[in-house]
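Engineer: generate a structure from the sequence data that follows.
(chains A and B, ligands or ions: 2)
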Amino acid sequence: MNINYEVFDSKIIHNYLSHDSFDYKITSRKAIALILSLKDYGIKTINIYLEKQASLVLSVFDFTKTNTELAINLYLQGKEARCYLGIATIANKVAKKYQVQINNKKPQSVSELEIVSVARNGGNVSVNGYSKIYRNSHQAMVTQKARGVVFDDDSMIKLAPELRIDHNDVVAAHSLSVGEINPDEVFYLTSRGFSKSEAHNMILRGYFRDLVLKSHSQEPDVLYQEVDHV
Amino acid sequence: MEKLFEIIDLHVSVEGKPVLKGVSLSIYKGDLIALLGPNGNGKTTLFMAIMGHPKYRIEKGDILFNGLSIIDLTPDERAKLGIFYAFQNPVEVPGVINADFLKTALNIKEKKPVSFVKFYHEMNESVSRLQMPLEMTKRSLNVGFSGGEKKKNEILQMLLLNPSLSLVDEIDSGLDVDALNLISEIIKTEHEKQKTFVVISHNSRFFEIVKPNRVIVIIDGLIQVDAGPEMLEVISQNGFASFEGVANHQISSLGLCGVKKGEH
Ligand SMILES: Nc1ncnc2c1ncn2[C@@H]1O[C@H](COP(=O)(O)OP(=O)(O)OP(=O)(O)O)[C@@H](O)[C@H]1O
Ligand SMILES: [Mg+2]
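Structural biologist: Ligands and ions are numbered 1, 2, ... in the order given. A predicted model of the protein is given here:
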């Protein structure tokens, strides 16, 4: 899914974000990297409709130090529509709440949901990811991948991926893992002179790297720096 | 000779199990010590404890580097003193690009950002010295590296960080014949620059090239032998069985021990 995307900087859709909801129709190939900032706080719901053969890469980067509550609904309402939704979030002392719904309504539609999250210092992440394959959507493909890293006992991550399939000629897969930061990785880096927090930053950058690459973002370094600052 | 490192009556436990039971050892600048012993007898544990792995608990004893105790220092503080551990099992760190990691490690060591040009020059030099494809530096750190590639990557880090004491843990395992010769020669060359090494290996070919000046044997968490290089031959012929349960002085009295030990 990486050919000839028209890449949207989050600033372009910034205007919309002061509203409660953001509705968008996609008819071609688009990659949107949505980098949430404090100013975006007004947004509550994103609805995106994908037409026939439309293709979307939507990547949400939420490294803000405020609570977030966001609903994202994607409608693959044309045949062979494809979408990738990546959500990257770090909850440091705050709560991040995401409600995702992906509707594969048509044959050969493909959707991929990937969630990468970190909770620290009593932070809280909760993502409900609901993907649905509608009746008669033959040869549709749905995947969900969710990963979480919890830094301390006070923090919490709740990832709830859910697949609902009303057709049987389809491919669906999901994986879920929530764990602690790997102490062996931390030790390896600290043995090379990285302080504990430098090691954590490096590991977290790595943790989000896949999502940053997939986002087609023009400013990957800015994203990595944001990871360092949370 | 100048004493670089001293381990005093070190007791270390792992997951509540006592592994090292009173290790004492002095290491002198320019030493190249072969550390031997049967599997599971505490060799790696000694290195882990020196580097400060939190799982390896020091119950008793001390470790001095240049006369100062390091046991309350964090692993990165120990690394900054010039101690390097080449892992027996290098850790895979997904998503962290090898070259980014190396550059950051070098920045930290130099306490300032190293220029891109300088870094690439140094990295390329070491990479070609190790006959590694440059491509390896663009991949995630150790992820999916073959056994031999991981070992080369450890030595790459050692060359870039230029430590004064290197603890090299079974670097030969997983290396093919050519790579073994290459890495043994590199260690030998670095040693000739007055660098200090403790190397664990079960491979006599490796020791033929690096030529240790001392041989130490750990059995059941205790140093049972501290002798000169001729001990390698004795061990390769007789194995470790004859040392088990034998105290240091008894081995000395057999005429097998203490050759270099007293000379420092
Ligand atoms: N992280 C750990 N968790 C549990 N037990 C451990 C751990 N590390 C070491 N041990 C145990 O401590 C003992 C010593 O292990 P160590 O790794 O030091 O052996 P070694 O002498 O390096 O052996 P080898 O030659 O096989 O590498 C073994 O019984 C081992 O199982
Ligand atoms: Mg070992």
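Engineer: what segments of chain A are strands?
Structural biologist: A:6-8, A:21-26, A:29-35, A:45-50, A:55-62, A:68-76, A:82-92, A:95-104, A:110-120, A:124-133, A:141-150, A:156-165, A:171-180 (DSSP state E).
Engineer: and those as a markdown table, adding mean neighbour count?
Structural biologist: (Glycine included, C-beta is placed from N, CA and C.) Formatted as a markdown table, the strands of chain A follow (neighbours: other CB atoms under 10 Å in any protein chain shown):
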| stretch | mean neighbour count |
| --- | --- |
| strand A:6-8 | 15 |
| strand A:21-26 | 16 |
| strand A:29-35 | 22 |
| strand A:45-50 | 20 |
| strand A:55-62 | 24 |
| strand A:68-76 | 21 |
| strand A:82-92 | 24 |
| strand A:95-104 | 21 |
| strand A:110-120 | 24 |
| strand A:124-133 | 21 |
| strand A:141-150 | 21 |
| strand A:156-165 | 17 |
| strand A:171-180 | 13 |
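Engineer: check those strands for me: which has the lowest mean pLDDT.
Structural biologist: Lowest mean pLDDT within these: strand A:6-8, at a mean of 61.
Engineer: count of neighbours near the residue nearest to B:Val14 when sequence neighbours are not counted?
Structural biologist: Spatially, and ignoring its direct neighbours in sequence, B:Val14 is nearest to B:Tyr56 (5.6 Å; CB to CB, 6 or more residues apart in numbering or on different chains). Look at B:Tyr56: counted by other CB atoms under 10 Å in any protein chain shown, it has 20 neighbours.
Engineer: B:Tyr56 contacts B:Gly16, correct?
Structural biologist: No: B:Tyr56 lies out of contact with B:Gly16 (CB atoms under 8 Å); the separation is 11.8 Å.
Engineer: mind listing the shared neighbours of these two?
Structural biologist: When CB atoms under 8 Å, 6 or more residues apart in numbering or on different chains defines a contact, no residue borders B:Tyr56 and B:Gly16 alike.
Engineer: can I get the strands of chain A in JSON lines including distance to ligand 2?
Structural biologist: Putting the strands of chain A into JSON lines (distance: least, CB to the ion, whole Å) gives the following:
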{"stretch": "strand A:6-8", "distance to ligand 2": "49"}
{"stretch": "strand A:21-26", "distance to ligand 2": "56"}
{"stretch": "strand A:29-35", "distance to ligand 2": "46"}
{"stretch": "strand A:45-50", "distance to ligand 2": "53"}
{"stretch": "strand A:55-62", "distance to ligand 2": "42"}
{"stretch": "strand A:68-76", "distance to ligand 2": "47"}
{"stretch": "strand A:82-92", "distance to ligand 2": "37"}
{"stretch": "strand A:95-104", "distance to ligand 2": "43"}
{"stretch": "strand A:110-120", "distance to ligand 2": "33"}
{"stretch": "strand A:124-133", "distance to ligand 2": "39"}
{"stretch": "strand A:141-150", "distance to ligand 2": "29"}
{"stretch": "strand A:156-165", "distance to ligand 2": "35"}
{"stretch": "strand A:171-180", "distance to ligand 2": "25"}
